[in-house]
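Asks: 3D model of this:
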Amino acid sequence: MKQIRTALLSYGMSGKIFHAPFLALHDGFELTGAWERSKKLIQNDYPAVKSYSSLDELLNDTIDLVVVNTPVDTHFEYAKQAILAGKHVIVEKAFTTTAAEASELNTLAKENNVKLAVYQNRRWDSDFKTVKSVFESNILGSIVEAEIRFDRYNPILSDKQWKESANPGAGILKDLGPHIIDQALCLFGYPNAVFADIRTLRKNSLVDDNIDILLIYEDKRVRLHAGFFNKELVPSFVLQGRHGSFFKSRSDVQEDVLKTGAKPNLDTWVTEPEAHQGLLHVVKNGETIRKTIPTLQGNYYDYFDEVYKSITDNQQEPVTAEDGLKVMQIIEAAIKSAQLGSVVSLNN
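Replies: Numbering: from 1, shown residues only. Predicted coordinates for the structure are as follows:
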């Protein structure tokens, strides 16, 4: 099996939890190391890898794939340097700070004949995979309205300064927003227009921390919400179709288990508790059906497996730069809508 030599641009939480364990698990990747500016931690977990002291040192090594998992306002600069160095690239969400930056990276990747993928891992959550399966089964009939939420209760400011300072990549719209926007686009495609309300609710916060976005389609409305004042959670996924409804909590447990230091596998990787199974309530052939739906297995390994195939077999990336660009276009439309207090039309 061809080995894809892969390096991370940081080894904080995302590198330690979301990337390194799955790269180490996959036989097709060789985790080469990480750029570590101050704390040198990666060799504690992976003794054979390198701790790079600079981006230039990393890019000058025999690296095939670079994972840009640094603060959002650095994504464009670092991804561009990696692409121009001839490396394949994975960029975390938010892809960039502007749609123009996303478009430029997309063009550069094509011109340099490298793969460029966005890390939207929530597509491989157990909850979303289940929602997508129910949606695609058409048991609900045509969808007339839907809601996707990413709720937390955390009124205290983060101690991560880059998350709370007034920089172009900070705020919940570019943190949790890309997850729910991407999931909506995955299910329903690109909308005709956007209406948004973006607020700052936490004491002393300098960034947006509460968003409500309405995606307007010809035949449906899709509401997106993320915030930090949701102590009692409501269903995170609500699909309302002409034949009935499906409700599902956001209850994938991969992140929580990874934080304990557990390593992923392909055989007995974690599953959601049965208590969080989704509720289906429909009318089918004149009969009312109300039952729980077993949750599908989630595994972020599958994302990396698709990245591997995109590089070795020249297949499409699992989340393309075009996907990332569309998310950024929705984000920019939401910002404009909130500023104007009006609906913003999109160019389809």
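Asks: From now on I want contacts and neighbour counts done on CA atoms only, so please keep to that.
Replies: Will do.
Asks: Can you give me the neighbour number for residue 144?
Replies: For residue 144, the count of nearby residues is 16 (other CA atoms under 10 Å).
Asks: Quick check: the gap between it and residue 344.
Replies: Counting by CA to CA, to the nearest Å, the gap from residue 144 to residue 344 is 21 Å.
Asks: What of residue 53?
Replies: Note on residue 53: its distance to residue 344, by CA to CA, is 45 Å.
Asks: Compare those two and say which is more crowded by neighbours.
Replies: Applying other CA under 10 Å to residue 53 and residue 344 shows that residue 344 carries more neighbours, namely 20 against 14.
Asks: Give me the pLDDT value at that one.
Replies: The per-residue pLDDT reported for residue 344 equals 98.
Asks: Chain neighbours aside, what residue packs nearest to residue 342?
Replies: In this structure, residue 342 finds its nearest non-sequential neighbour in residue 195, 6.4 Å apart by CA to CA, 6 or more residues apart in numbering.
Asks: got a list of what the one you found touches?
Replies: By CA atoms under 8 Å, 6 or more residues apart in numbering, the contact list for residue 195 reads 213-216, 334, 337-338, 341-344.
Asks: How is this protein divided into domains?
Replies: In terms of domains, the chain is parsed into 4-121, 123-302+330-345 (source: automatic domain parsing).
Asks: Quick check: can you name the pairing partners of the helix or strand harbouring the residue nearest to residue 342 and their directions?
Replies: Assessed by DSSP states H and E, residue 195 sits inside strand 193-199. Strand 193-199 has its sheet partners listed here by DSSP bridges as strand 210-216 (antiparallel), strand 344-345 (antiparallel).
Asks: among those strands, which is the most enclosed?
Replies: strand 210-216 (a mean of 23; mean count of other CA atoms under 10 Å).
Asks: What are the contacting residues of that one?
Replies: 172-173, 177, 191-201, 221-228, 334.
Asks: after that strand, next one along is what?
Replies: strand 221-227.
Asks: okay, the angle between that next one and strand 193-199?
Replies: If you take axes from the mean of the first three to the mean of the last three CA atoms, to 10 degrees, strand 221-227 sits at 20 degrees to strand 193-199.
Asks: next one: phi and psi at residue 20?
Replies: Backbone torsions for residue 20, taken as degrees, to the nearest 10, come to phi -60, psi -40.
Asks: Can you list the residue ranges for helices in the stretch 151-300 of the chain?
Replies: All helices of the stretch 151-300 of the chain, identified by DSSP state H, counting those that start in this stretch, fall at 161-164, 177-188, 254-259.
Asks: on that earlier part again, I'd like the distance between the residue nearest to residue 342 and residue 330.
Replies: Taking CA to CA as the measure, residue 195 falls 10 Å from residue 330.
Asks: what does residue 72 give?
Replies: Residue 72 sits 17 Å away from residue 330, going by CA to CA.
Asks: wait, residue 182 sits on residue 327?
Replies: Yes: Residue 182 is within contact range of residue 327, at 6.2 Å (criterion: CA atoms under 8 Å).
Asks: So which of the two has more stuff around it?
Replies: Comparing residue 182 with residue 327 by neighbour count (other CA under 10 Å), the higher total belongs to residue 327, at 30 against 23.
Asks: quick one, what contacts that one?
Replies: 178, 181-182.
Asks: and which of those is nearest residue 10?
Replies: residue 178 (20.6 Å; CA to CA).
Asks: I'd like to know how far the residue lying closest to the closest one once chain neighbours are set aside sits from residue 328.
Replies: Nearest residue to residue 178, sequence neighbours excluded (CA to CA, 6+ apart): residue 94, at 6.0 Å. Counting by CA to CA, the gap from residue 94 to residue 328 is 8 Å.
Asks: my read: residue 58 touches residue 52, true?
Replies: Yes: using CA under 8 Å, residue 58 is in contact with residue 52, at 5.9 Å.
Asks: where does the chain have low pLDDT?
Replies: Scanning the chain for pLDDT under 70 picks out 348.
Asks: Quick check: most distant residue from the centroid of it.
Replies: Within the chain, the residue lying farthest from the chain centre (CA atoms, centre = their mean) is residue 286, at 39.0 Å.
Asks: which residue is nearest the middle of the chain?
Replies: Central residue of the chain (CA atoms, centre = their mean): residue 120, at 2.8 Å.
Asks: Pull the contacting residues for it.
Replies: Shown in contact with residue 120 (CA under 8 Å, 6+ apart): 92-93, 179, 182, 319.
Asks: Also residue 1?
Replies: Residue 1 neighbours (CA under 8 Å, 6+ apart): 27-28.
Asks: What of residue 312?
Replies: If you count contacts by CA under 8 Å, 6+ apart, residue 312 has them with residue 2.
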